[in-house]
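S.K.: With the sequence up front, the predicted model follows.
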Amino acid sequence: LAPWIPVVGLEIHAQISSNSKLFSGSQVQFAAPPNSLVSFFDASLPGTLPVLNRRCVEAAVMTGLALNCSINKKSLFDRKHYFYADLPAGYQITQQRVPIAVNGSLSYSLCIDNKMSQMVTKTVRIKQIQLEQDSGKSLHDDTRSQTLVDLNRAGVGLMEVVMEPDMCCGEEAAAAVRELQLILQTLGSSQAVMAEGQLRVDANVSVHHPGEPYGVRTEVKNINSIRFLAKAVDYEIQRQIEELENGGTILNETRAFDSKLGCTVPMRDKEGKQDYRFMPEPNLPPLILYDAKSLPANMNHQQVINIDWIHERLPDLPSVKREKLVEQYGILPEHSFTLLNEDGLAEFFESVVNQTQMKPKKVIGWILNDLLSYLKQHSLTVKESPVSSFLLADLLNLLEKKEISSTAAKRVLAELWKGEGKTPLEIVKEQKLELLQDQKELEQICQAVIDGQENEVIMMVPR
Amino acid sequence: QQVSVEVLDHLEHLALVDFRDSEGVERLQKAIQFADQLQEVNTDGVEPMDSVLEDRCLYLREDDVTEGNCTKELLENAREKVEEYFVAPPGNIPLPKLEERETFLQGS
């Protein structure tokens, strides 16, 4: 049987972290009474017009720069028409012709064969980033055969990040999205919490034989976590391969991921192929961005967005942070990945290092093997840790000064975990875990052991 | 040039317009003919203009919360509501297929 090459592309919608919406002044907030965060424009009442939110543009520029994109100094807004109850205007304002950023790239890392020790770096091309409106939310009430519509989310700013089909499996897709999530959170342009719908991913999947043209692709939606993304993509690849090997064909359709069953199912047929009748948004002139060279002299600076100014103020991206951690502390690259992967863990690590004489290379073991596994076992975040960096540093100092053994230190940590407010020293004293330092006392103990086991000792003495 | 029945049917589905009678279709065809005059102009090498506003400055608003909190007003116009939610049918109600519709296009 000829080998199959799976091809995976992603369309990611990230909700912009801003106070108000993309084109109106109503508030952006996750849980609020239905239809309380809705302006007349969001409800598409006649006579209302879109007014672009500066913060949303800055967020998109930051994200574009962080993803190595070319920022289009002139970008345009368009209307994408379709009917749905949670889209009151009957169209979405988006950037179809000329989006704000194009042609970027994202590097991410994978472990080969599940071994943390072998990491490989991959790159996925970013086709474009566009600004667009989010739609409202539909709650389906099947018992009463109706849909309840909440427009609180309608009009919230989104950045759609389109990743070219450079990925080949669920693991790659998941790793790419995870890295994007970390970048967005570092920039602050989106909080990117998938569980709250701030980051939504649609996967485009197809398979083909080497040397042959790309196969028909399906779009997979309704993926609610990074874990499910990997599962959904891998399932769909398998499904397509099996279908084709059994002589079937793949339909160019949209499928939904069913997390309970772990499979993809066709979505309700949406009235055939959609024709979105794209047209320029007549109420919005082109969006013009400037850089240091093209900065206009006499404009109100509140009306001017300077790409270079934003570039200069970008924070260290995750990849840079990891490099710095490796360089500064002599830890392994895979360690830096784990540190950045847990919210607050890198800060915790640095805090402990600053409070102890123990070398960072040794501290990292305690952070990743002991602290992190405790946190995972009890499903706690770093912030919720009953053991503070201060307490851990205190404990590691005792170990470093050879006042206790490392076995004893692990027992103390287990005790500290109970969060009863005792200090490491108090626990050591309570459980009599101090290392004996007195040479004479040690000799006496050893002699007593030897005396009590004469036969075994005679047998064991090597020649 | 006549607009085909397939295109008219497609338009009725997409835009939920009702051409109603041959006069409606005539009007559409005349509108297309009128717009087709644009093709007579040679626009080689000219950037398309899509708005007379294209040289205007796109105003940027500060990211402040200035609107919202008018649930009651918004729901006043709703024919049906459930606890401050708008009520809609369970899904889009698609226009029935041409054969099943009472449209004059049927006879064409």
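M.R.: Perfect, I can see it now.

S.K.: So B:Q29 is in contact with B:V7, correct?
M.R.: No: look at B:Q29 against B:V7 with Cβ atoms under 8 Å: they stay out of range, at 10.8 Å. Where you see a C-beta, it was placed from the backbone N, CA and C, and this is true even at glycine.

S.K.: Tell me where chain B has strands.
M.R.: Using DSSP state E, the strands of chain B run over residues B:60-61, B:81-82, B:85-88.

S.K.: will you turn those strands into a markdown table that also has mean pLDDT and distance to A:V149?
M.R.: Formatted as a markdown table, the strands of chain B follow (pLDDT from 0 to 100; distance: least, Cβ to Cβ, whole Å):
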| stretch | mean pLDDT | distance to A:V149 |
| --- | --- | --- |
| strand B:60-61 | 97 | 26 |
| strand B:81-82 | 94 | 10 |
| strand B:85-88 | 96 | 4 |
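
S.K.: out of those strands, which comes closest to A:S138?
M.R.: Across the strands of chain B, A:S138 has its closest neighbour in strand B:85-88 (7.5 Å, Cβ to Cβ).

S.K.: Please name every helix or strand in contact with that closest one.
M.R.: Where contact means 3 or more Cβ pairs under 8 Å, 6 or more residues apart in numbering or on different chains; DSSP states H and E, strand B:85-88 is packed against strand A:146-150.

S.K.: How far does the strand it packs on sit from its chain's centre?
M.R.: Here strand A:146-150 is found 30 Å from its chain centre; the criterion is Cα atoms, centre = their mean, to the nearest Å.

S.K.: can I assume A:E281 is in contact with A:S75?
M.R.: No: contact criterion Cβ under 8 Å: A:E281 and A:S75 do not qualify, at 11.6 Å.

S.K.: Return the distance of the closest residue to A:I241 other than its chain neighbours relative to chain B.
M.R.: With sequence-adjacent residues excluded and distances taken as Cβ to Cβ, 6 or more residues apart in numbering or on different chains, A:I241 is closest to A:W4, at 5.2 Å. Taking Cβ to the nearest Cβ, to the nearest Å as the measure, A:W4 falls 36 Å from chain B.

S.K.: which residues of chain A score low on pLDDT?
M.R.: Along chain A, segments meeting pLDDT under 70 span A:113-117, A:268-273, A:455, A:457-463.

S.K.: That one: helices as residue ranges?
M.R.: In chain order, chain A shows helices spanning A:54-66, A:170-187, A:226-245, A:307-312, A:318-329, A:333-341, A:345-354, A:360-365, A:372-377, A:389-400, A:406-417, A:424-430, A:439-452, A:454-460, with DSSP state H as the criterion.

S.K.: okay, the ones you listed, which one's buried deepest?
M.R.: Comparing the helices of chain A by mean neighbour count (mean count of other Cβ atoms under 10 Å in any protein chain shown), helix A:54-66 comes out on top with a mean of 23.

S.K.: Next, the angle from that one to helix A:318-329.
M.R.: Calculated by axes from the mean of the first three to the mean of the last three Cα atoms, to 10 degrees, helix A:54-66 forms an angle of 60 degrees with helix A:318-329.

S.K.: Is helix A:54-66 positioned near chain B?
M.R.: Yes: with Cβ under 8 Å from any Cβ of the partner chain as the criterion, chain B is reached by helix A:54-66 at A:R54, A:R55, A:C56, A:V57.

S.K.: what's in contact with that helix?
M.R.: With contact meaning Cβ atoms under 8 Å, 6 or more residues apart in numbering or on different chains, helix A:54-66 is reached by A:14, A:16-20, A:22, A:70-71, A:100-101, A:104, A:129, A:131, A:157, A:159, A:161, A:183-184, A:187, A:189-190, A:287, A:289, A:302, A:305, A:307, A:310-311, A:314, A:317, B:60-63.

S.K.: What distance do you get for the closest residue to chain B within the stretch 301-450 of chain A to A:Q357?
M.R.: Of all residues in the stretch 301-450 of chain A, A:Q303 sits closest to chain B, at 5.6 Å by Cβ to the nearest Cβ. Per Cβ to Cβ, to the nearest Å, A:Q303 is found 55 Å from A:Q357.

S.K.: Could you check which of the two has the larger neighbour count?
M.R.: With neighbours defined as other Cβ atoms under 10 Å in any protein chain shown, A:Q303 and A:Q357 compare such that A:Q303 has more, 13 against 10.

S.K.: List the contacts of the more buried one.
M.R.: B:C57, B:Y59, B:L60.

S.K.: mind running it again at 7 Å?
M.R.: B:C57, B:L60 (Cβ atoms under 7 Å, 6 or more residues apart in numbering or on different chains).

S.K.: shaky segments in chain B?
M.R.: B:1, B:107-108.

S.K.: what about the closest residue to chain B within the stretch 201-350 of chain A, neighbour count?
M.R.: As assessed by Cβ to the nearest Cβ, chain B sits closest to A:P280 within the stretch 201-350 of chain A, at 3.9 Å. If you count neighbours by other Cβ under 10 Å, A:P280 ends up with 18.

S.K.: So which residue is smack in the middle of chain A?
M.R.: By Cα atoms, centre = their mean, the mean C-alpha position of chain A lies nearest to A:Q181, the distance being 2.9 Å.
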